[in-house]
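Undergrad: Need the 3D shape of this:
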Amino acid sequence: MASELAIRRYRAWYAVLLRLYARPFHERFGEGLEQTFHDLCRERSGAKRGLFGFALWIFFETFVEIIRENTTRMTQLSRTILRAAVVALCLLMAPVVASQLVDGWNWNLGTFVFTYVLFFGTALAYALIAKKMGAWEYKAGVGLALVAGFVMGWATMVHMSESENPAHLVYFGVLAVGGVGAWLARLEARGMARALFAMAAALAVVWLIPLMLSSSEPSGLVRNMMVRHGVFVALFTASGLLFRRASLAGSK
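TA: Sure, this is the predicted structure:
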């Protein structure tokens with residue numbers, strides 16, 4: 001009886017120790033490791049051998065493995081962050097070169113820093129999200145959605161800085177629809193497809209309402225805006241179709 005209580009106590013402590021693993025590792029292997037530890041303790045107890053020293057040694061070995069596993073994961077994450085930083089720096093070279101060659105391109109240092117942060121955040125988001133699934137359709141869907149969202153967000157900021165028209169905030173609402181949809185979907189392919197289709201639908205509504213309310217013939221400016229809206233609707237729809245294809249491929 002005393003040995004059973006000791007085994008249960010050691011198992012409870014071991015379960016706490018296993019939570020130091022990274023969450024994905026713990027969710028995948030934690031229960032199995034805990035059960036293996038319990039079985040080994042029962043065998044040890046059945047052989048009338050001491051439990052304390054054995055449990056202490058297992059705890060030590062497991063703690064060393066936890067450090068090794070978490071260090072490996074941190075190293076992989078560091079490499080991902082470094083790649084994203086390098087990609088962002090390469091992308092930043094385009095506006096840096098343009099500022100030297102294009103007349104009227106007078107960005108200040110703060111604008112370049114802000115642009116780099118946007119590039120870095122987009123590249124890092126792609127690297128972390130796309131790693132979730134190996135299907136090329138999922139990776140392509142993530143890339144297309146992030147690029148389209150980045151361009152639309154950037155264009156919206158430029159237009160707001162030039163016209164100070166609060167109506168442009170509706171485009172950030174479209175991006176928010178995608179962000180909330182991705183969060184609710186937990187980045188699963190089927191849910192991501194719904195989120196992108198919702199973004200395309202919301203943008204189409206933003207596009208159609210002014211046309212329905214206008215009684216006159218669309219001007220050249222309105223026609224250009226219609227073309228831009230159509231391009232973004234097509235991009236978000238294409239991204240949704242890629243996610244849908246990835247979900248179908250994953251269910252086979």
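Undergrad: Output the below-cut-off pLDDT ranges for the stretch 51-200 of the chain.
TA: When residues are selected by pLDDT under 70, those of the stretch 51-200 of the chain lie in 132, 160-167.
Undergrad: Would you state the helices of the stretch 1-150 of the chain in chain order?
TA: For the stretch 1-150 of the chain, the helices defined by DSSP state H, counting those that start in this stretch occupy 2-18, 23-46, 52-101, 109-130, 136-163.
Undergrad: no no, the stretch 151-252 of the chain
TA: Listed in chain order, the helices of the stretch 151-252 of the chain (DSSP H, counting those that start in this stretch) span 169-185, 189-213, 220-251.
Undergrad: Just put the helices of the stretch 1-150 of the chain in CSV and tack on distance to Ala238 and mean neighbour count.
TA: Just so you know, the C-beta spots here come from the backbone N, C-alpha and C atoms, and that holds for glycine as well. Formatted as CSV, these follow (distance: least, Cβ to Cβ, whole Å; neighbours: other Cβ atoms under 10 Å):
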stretch, distance to Ala238, mean neighbour count
helix 2-18, 43, 14
helix 23-46, 30, 14
helix 52-101, 22, 13
helix 109-130, 16, 16
helix 136-163, 6, 17
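Undergrad: Just send those helices back as CSV, with distance to Tyr171 too.
TA: Output for those, formatted as CSV (distance: least, Cβ to Cβ, whole Å):
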stretch, distance to Tyr171
helix 2-18, 46
helix 23-46, 35
helix 52-101, 21
helix 109-130, 15
helix 136-163, 4
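Undergrad: For Ala249, find the nearest of the ones you listed.
TA: Proximity to Ala249, assessed across those by Cβ to Cβ, is greatest for helix 136-163 (6.5 Å).
Undergrad: could you say what helices and strands the closest one packs with?
TA: Here helix 136-163 touches helix 109-130, helix 169-185, helix 189-213, helix 220-251, going by 3 or more Cβ pairs under 8 Å, 6 or more residues apart in numbering; DSSP states H and E.
Undergrad: before we move on, the earlier item: make JSON lines out of the helices of the stretch 151-252 of the chain and add distance to Gln35 and mean neighbour count.
TA: Shown next, in JSON lines, are those (distance: least, Cβ to Cβ, whole Å; neighbours: other Cβ under 10 Å):
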{"stretch": "helix 169-185", "distance to Gln35": "32", "mean neighbour count": "16"}
{"stretch": "helix 189-213", "distance to Gln35": "32", "mean neighbour count": "18"}
{"stretch": "helix 220-251", "distance to Gln35": "29", "mean neighbour count": "17"}
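Undergrad: Using the record's domain definitions, break this structure down for me.
TA: Domains of the chain are assigned by automatic domain parsing as 1-105, 132-251.
Undergrad: to the chain's geometric centre, what's the distance from the first one?
TA: When you say that, I think you mean domain 1-105. Relative to the mean C-alpha coordinate of its chain, domain 1-105 is positioned 20 Å out (Cα atoms, centre = their mean, to the nearest Å).
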